[in-house]
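[1] when you get a sec, could you give me coordinates for this:
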Amino acid sequence: MQTLAEVGQVLQRARLQKRLSQEELAQRAGVSRVTLSRMETAAKGDMSLAALLRLARALGYELRLVERGRQRTLTDVLAEQQRDEE
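    As a prediction, this is how the structure comes out:
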C-alpha cells in the first residue's frame with residue numbers, strides 16, 4: 001500500500017469480509033462512524049494512526065512495517081504462527 005486511498009480500500013474490504021457495518025466496526029474500535037467512513041473513502045487528508053490501529057485490532061488484524069519489495073518466506077510464516085501460539 002502506497003497511499004491513504006489504498007489503506008482506506010483495504011480497510012473497507014476487511015470490514016466487508018467480516019460482514020460488519022460501518023457502525024458496528026466503529027463501535028467495536030471506539031471511533032465514530034464518520035471517522036471510519038472518511039478513512040475508507042480517503043475523504044480526510046490525513047488518517048489518525050491511533051484510529052487505524054484500533055480499527056485493525058477490531059477486525060482481527062495487526063499493522064506491521066515491512067521493507068518495500070520484501071517477500072514473506074516460509075520461515076516468516078512459521079515464526080508468526082509460533083508467536084501466535086505463545
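[2] buried stuff in stretch 11-25?
    Neighbour-count burial for stretch 11-25 flags 11, 12, 14, 15, 20, 22, 25 (criterion: 16 or more other Cβ atoms under 10 Å). No exception for glycine: its C-beta is placed from N, CA and C like everyone else's.
[3] so for that stretch, mean pLDDT?
    The average pLDDT within stretch 11-25 is 95.
[4] re earlier: for the buried residues of stretch 11-25, which one is nearest residue 84?
    residue 14 (18.1 Å; Cβ to Cβ).
[5] farthest residue from the center of the protein?
    residue 75 (23.6 Å; Cα atoms, centre = their mean).
[6] roughly how far does the residue nearest to the spatial centre of the chain sit from residue 48?
    With distances taken as Cα atoms, centre = their mean, the residue of the chain nearest its centroid is residue 56 (3.8 Å). Distance of residue 56 to residue 48, given as Cβ to Cβ, to the nearest Å: 12 Å.
[7] about what we covered before: so what's the residue nearest to the centre of the chain scoring on pLDDT?
    Among the per-residue scores, residue 56 holds a pLDDT of 92.
[8] kindly report the same for residue 50.
    Predicted confidence (pLDDT) for residue 50: 91.
[9] so which of the buried residues of stretch 11-25 comes closest to residue 60?
    Lowest distance from residue 60 to these (Cβ to Cβ) belongs to residue 14, with 8.5 Å.
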